[in-house]
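Peer 1: okay, structure incoming, though there's no sequence with it:
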Ligand SMILES: Cc1ncc(COP(=O)(O)O)c(C=O)c1O
């Protein structure tokens, strides 16, 4: 009898539990090379699970070379020798800490449906690398090497590469941010910046406020720090101020995390007046703001809206996080924190204790790119490139997704809200037709958003954008017709 211990209450997806347990059986020698596994139909009957979970599990086991599926014959254990030839074989997964287990559980790359070859994928919101000019990169990199020489390869400073910090100081002042009494720390993108801040000013069970929906990586980091989340809903794409005030006044919240520009996933921009209002409220309740300023550069039509950090002036209640990840080379992992000098001193030590500093070569490349003027030219080209895709996506969504609510004022994605349609059901149907997107529920902290989804268009051609929207629209019609 093939018995697995599946916990239906666990947050770990069922297919993952099947995968992990079969791998353990293979690695421990309970399942030997060449032995036949039950078919996915049999397995689903034995375990009383959906057949889909079993199919998904077998697909992953095959992709990881633990089994081979022979058409018409079944699934067989393979490569066992490779795993058992070890004289010392620790079952590592069993050794992992609760923190690590939660990180795996919250890792949507592993739990969400994967893009298969040939699919039109609206999942990604990464920049289109067709825009990256390698000749320009080479020139800037070589200039930096020629100027600085070998010392670029030695240890750098935890705070960051001095020339880049000085450049950013001017860049941020030009954006209206007052740096008096403030300082800058360079980080490995937004992700490390946010993690360092939470590690430095919160402890488990503290509460923090965020918009609902919000950036799913931020949700993951918040949960890994074991914080409670007081979520505030969005109203017409902006934070609901009454709810925010209620949350601020009712709890002892450590901070408020906000994405005012090109909110992820909604793509909306908080108006200047709302930014002021939100700032004044947080000030009134003495609750600091962590402002995620990523994507601010991707403004297509509306005029520039000053960051909340700029609204704060000399005050020190806003921690501003910057990153060019969505516009320029996310692979180089450079972001920055602008905050009160005293706080940056602490964050600098936390950063040093974790990874000493962000790669000096990466920082140098970004600095050269900014200083040479290539960044400005690149941004002009980039805005034009994405604006066309954005406008076309809006046009297609109106044409092919009628009766839905469409959010997005620029950036690299739009957000769709449907009436009475489960986006997970839609996703399944769309995937059968070769289209994949991000279901909206992963951005919500309280199981909401089942009728929403995000469409990232940055890396798709206009032809694929149109084809993908048409297919999604047809799937919506089919679901409605079958209701
Ligand atoms: C809301 C938000 N902030 C920041 C980032 C950038 O993160 P990082 O700089 O770590 O690549 C992203 C990327 O998707 C994002 O969606």
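Peer 2: The structure has been received and is ready for your questions. Fair warning: this is a prediction, and the values are worked out from it, not measured in the lab. Residues are numbered from 1 along each chain as shown.

Peer 1: break this protein into its domains for me.
Peer 2: Domain segmentation of the chain under automatic domain parsing yields 14-95, 120-125+378-481, 134-372.

Peer 1: for residue 110, find the nearest of the ones you listed.
Peer 2: domain 14-95 (6.9 Å; CB to CB). Yep, even glycine has a C-beta here, placed from its N, CA and C like the rest.

Peer 1: can you get me the start-to-end distance on the closest one?
Peer 2: The first and final residues of domain 14-95 sit 21 Å from each other (CA to CA, to the nearest Å).

Peer 1: ok now it, how far from the chain's centre?
Peer 2: Mean C-alpha position of domain 14-95 versus that of the full chain (CA atoms, centre = their mean, to the nearest Å) differs by 30 Å.

Peer 1: likewise for stretch 228-245?
Peer 2: Averaging C-alpha positions (CA atoms, centre = their mean) puts stretch 228-245 20 Å from its chain's average.

Peer 1: near the ligand at all, that stretch?
Peer 2: No - counting by CB under 6 Å from any ligand atom, the ligand is not contacted by stretch 228-245; separation bottoms out at 13.8 Å.

Peer 1: in that stretch, what's buried?
Peer 2: By 16 or more other CB atoms under 10 Å, the buried positions in stretch 228-245 come out as 229, 230, 231, 232, 234, 237, 238, 239, 240, 243, 244, 245.

Peer 1: export these to TSV and append columns for secondary structure and pLDDT.
Peer 2: Output for the buried residues of stretch 228-245, formatted as TSV (DSSP: H, G, I helix; E, B strand; the rest coil; pLDDT from 0 to 100):
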residue	secondary structure	pLDDT
229	strand	97
230	strand	97
231	strand	96
232	strand	98
234	strand	97
237	coil	94
238	strand	95
239	strand	97
240	coil	98
243	helix	97
244	helix	98
245	helix	98
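
Peer 1: weakest of the domains of the chain by average pLDDT?
Peer 2: Ranked by mean pLDDT, the domains of the chain bottom out at domain 14-95, with a mean of 86.

Peer 1: surely residue 314 and residue 181 touch.
Peer 2: Yes - the criterion here is CB atoms under 8 Å, and residue 314 meets it with residue 181 at 6.9 Å.

Peer 1: more neighbours: which of the two?
Peer 2: Per other CB atoms under 10 Å, whichever of residue 314 and residue 181 has more neighbours is residue 181, with 12 against 9.

Peer 1: nearest residue to the more buried one in space, please, no chain neighbours.
Peer 2: residue 341 (5.7 Å; CB to CB, 6 or more residues apart in numbering).

Peer 1: how far away is that neighbour from the ligand?
Peer 2: As judged by CB to the nearest ligand atom, to the nearest Å, residue 341 and the ligand stand 23 Å apart.

Peer 1: that residue: neighbouring residues, count only.
Peer 2: 13.

Peer 1: tell me the phi and psi of it?
Peer 2: Main-chain torsions, residue 341, degrees, to the nearest 10: phi -50, psi -40.

Peer 1: and the stretch 51-200 of the chain, which of its residues are near the ligand?
Peer 2: When proximity is defined by CB under 6 Å from any ligand atom, the stretch 51-200 of the chain lies next to the ligand at 125, 189, 190, 191.

Peer 1: switch to 8 Å and redo it
Peer 2: 125, 126, 188, 189, 190, 191, 192, 193 (CB under 8 Å from any ligand atom).

Peer 1: so what's the residue nearest to residue 10 when sequence neighbours are not counted up against?
Peer 2: Nearest residue to residue 10, sequence neighbours excluded (CB to CB, 6+ apart): residue 17, at 6.8 Å. Residues near residue 17 by CB atoms under 8 Å, 6 or more residues apart in numbering: 4, 6, 7, 10.

Peer 1: tell me where the stretch 351-483 of the chain has strands.
Peer 2: Along the stretch 351-483 of the chain, the stretches classed as strands by DSSP state E, counting those that start in this stretch are 405-407, 413-417, 435-436, 438-439, 452-456.

Peer 1: please see if the fourth one touches the ligand.
Peer 2: No - contact of strand 438-439 with the ligand is not found when judged by CB under 8 Å from any ligand atom; the minimum separation is 11.0 Å.

Peer 1: so what touches that strand?
Peer 2: With contacts defined as CB under 8 Å, 6+ apart, strand 438-439 is touched by 112, 122, 123, 265, 423, 424, 427, 452, 453, 454, 455, 456.

Peer 1: output those as CSV; include the columns neighbour count.
Peer 2: Shown next, in CSV, are the contacts of strand 438-439 (neighbours: other CB atoms under 10 Å):
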residue, neighbour count
112, 16
122, 28
123, 21
265, 28
423, 23
424, 15
427, 20
452, 24
453, 28
454, 27
455, 28
456, 22
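
Peer 1: now for the residues you listed, which pair is the farthest apart?
Peer 2: Within those, 424 and 456 form the most distant pair, 17.8 Å apart (CB to CB).

Peer 1: before we move on, what SS does residue 327 have?
Peer 2: At residue 327, secondary structure determined by DSSP: H, G, I helix; E, B strand; the rest coil is coil.

Peer 1: what's near enough to touch the residue lying closest to it once chain neighbours are set aside?
Peer 2: Nearest non-adjacent residue to residue 327, counting by CB to CB, 6+ apart: residue 297, 5.3 Å away. Contacts for residue 297 (CB under 8 Å, 6+ apart) come out as 324, 327, 379.

Peer 1: quick check: residues of the stretch 301-450 of the chain near the ligand?
Peer 2: So the stretch 301-450 of the chain meets the ligand at 321, 323, 324, 325, 326, 330, 333, 335 (CB under 8 Å from any ligand atom).

Peer 1: quickly check those residues for the two that are furthest apart.
Peer 2: Most distant of those, by CB to CB, are 321 and 330, 14.6 Å apart.

Peer 1: the residue nearest to residue 181 is in contact with residue 182, isn't it?
Peer 2: Yes - counting by CB under 8 Å, residue 341 touches residue 182, with 6.1 Å between them.

Peer 1: which residues sit in contact with residue 453?
Peer 2: So residue 453 contacts 415, 416, 418, 423, 426, 427, 437, 438, 439, 440 (CB under 8 Å, 6+ apart).

Peer 1: burial measure for the third one, as a count.
Peer 2: Neighbourhood size, residue 418 [other CB under 10 Å]: 20.

Peer 1: likewise for residue 276?
Peer 2: Using other CB under 10 Å, residue 276 has 13 neighbouring residues.

Peer 1: give me the distance between the closest residue to it other than its chain neighbours and the ligand.
Peer 2: Excluding the flanking residues, the one nearest residue 276 by CB to CB, 6+ apart is residue 311, at 5.7 Å. To the ligand, residue 311 is 19 Å away according to CB to the nearest ligand atom.

Peer 1: what helix or strand is residue 311 on?
Peer 2: Assigned by DSSP states H and E, residue 311 belongs to helix 308-312.
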